[in-house]
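got a sequence here, can you build the structure:
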Amino acid sequence: MFSLLPIPTSPPPSLLTLPPELRLQIFALALSPFPKALVTFHLDPYQREDYVEATQPALTRVSRQLRAEALPLFYQQNSFVLHSEGKKGEERDRWLRGFGLWVEELGRLEIWVRFWKRGGDGRSGGVIGVGLQWEGGRWRVGETWRWVCNVRKPEGLERDGEWIVKEMERLVAEVSQLYGRGGEVGAEGLGDLVRRLREGYVEWKSAREGG
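Got it, this is the predicted structure:
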C-alpha cells in the first residue's frame, strides 16, 4: 500500500514574496536594454525592422507594487527617440504628457530633426539625431550627431549637424531654468525643447539659403 502525499495548502511563491534586492535583480534582467531604439511614435511598416514602439512592458502592468519597482528600470536602461515634427511630434507630446513623475526616470534620449532643404515642403528623407544623457544631475548633450536614415547624405549636412548640437546645448540650459528643479526639466520642458529646436533650425536654415 502507498499513501498519498497531502496537497499543499499554501499558495505558490510569487515575485512579491522574494526579497526586494532579488526582485530588482530579476527586473534588471527581464527589462534589459532593448537591442533596437524605442520610439515615442507609431511606426510605419518599413520601420519595424529597425525600431520598436515605446510601450510599457507587460511586467509593469501586473500590480501597482511591481509597476512601481520595475518601471523605473525600464526607463533608466533604455534610450527613447523624440521626433520633432508632424504627426510623430504630436505623438511624442502625448507620450510625454502620459508620463507624470515617471519622466524623471528617463536616462537617455535621442532627438530627431529632419534635414531641411529649400523647395517643396522644405524636407528631405533624412533625419539628424542628437543624444541627451542624464548625468551628474542634469541633461547633457552628446558631443556628436548622427545621420539616422539610409539615404544619401546631402550637401551641407556637417554644418547643419554641428549647428543643431550647439543650439541644443543652448536650449537645454534655457529650458532647465524655465521648467527645471535642479537639472530636471519635466515632460513639458522636454516637449518645448524639441519644438523650439526644430523651429530654430528651420529659421536658421531658411535664412542661410534665402528661403
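
backbone phi and psi for the residue positioned nearest the centre of the chain, please?
The centre of the chain sits closest to residue 80, judged by CA atoms, centre = their mean, with a distance of 1.9 Å. Taking degrees, to the nearest 10, you get phi -120, psi 140 for the backbone angles of residue 80.

just confirm it contacts residue 41, I think it does.
No: at 10.6 Å, residue 80 and residue 41 do not qualify as touching, with contact defined as CB atoms under 8 Å. Just so you know, the C-beta spots here come from the backbone N, C-alpha and C atoms, and that holds for glycine as well.

now what about the top strand by length along the chain, what contacts it?
In terms of residue count, the longest strand belonging to the chain (DSSP state E) is strand 123-135. Outside of strand 123-135, the residues that reach it under the criterion CB atoms under 8 Å, 6 or more residues apart in numbering are 79, 81, 106-117, 139-142, 145-149, 151, 153-154, 157, 160-161, 164-165, 168, 172, 183.

by contact count, what packs against whichever helix or strand comes after it?
Stepping forward along the backbone from strand 123-135, the first helix or strand reached (DSSP states H and E) is strand 138-147. Here strand 138-147 touches strand 123-135, helix 157-179, going by 3 or more CB pairs under 8 Å, 6 or more residues apart in numbering; DSSP states H and E.

want to throw the ones you listed into CSV with mean neighbour count and distance to residue 194?
Output for the helices and strands packed on strand 138-147, formatted as CSV (neighbours: other CB atoms under 10 Å; distance: least, CB to CB, whole Å):
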stretch, mean neighbour count, distance to residue 194
strand 123-135, 17, 10
helix 157-179, 16, 9
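
which of those sits closest to residue 202?
Residue 202 lies closest to strand 123-135 among these, at 9.5 Å (CB to CB).

quick check: end-to-end length of stretch 42-52?
Between the opening and closing residues of stretch 42-52 we find a distance of 9 Å, counting by CA to CA, to the nearest Å.

same check, this time on stretch 48-60
Start and end residues of stretch 48-60 are separated by 23 Å (CA to CA).

same question, stretch 39-58
In stretch 39-58, first residue to last residue: 17 Å (CA to CA).

helices of this protein, start to end?
Remark: helices of the chain, listed N- to C-terminal, are 20-30, 64-77, 86-97, 157-179, 186-208; assignment by DSSP state H.

looking at the ones you listed, which is closest to residue 54?
Evaluated with CB to CB, these place helix 86-97 nearest to residue 54, the distance being 6.8 Å.

quick one: contacts of that closest one?
Contact partners of helix 86-97, identified using CB under 8 Å, 6+ apart, comprise 40-42, 54, 82-84, 103, 187-188, 190-191, 194-195, 198.

mean confidence (pLDDT) on that helix, please.
Across helix 86-97, pLDDT averages out at 92.

between helix 186-208 and that helix, find me the angle.
Regarding helix 86-97 and helix 186-208, their directions subtend 150 degrees when assessed with axes from the mean of the first three to the mean of the last three CA atoms, to 10 degrees.
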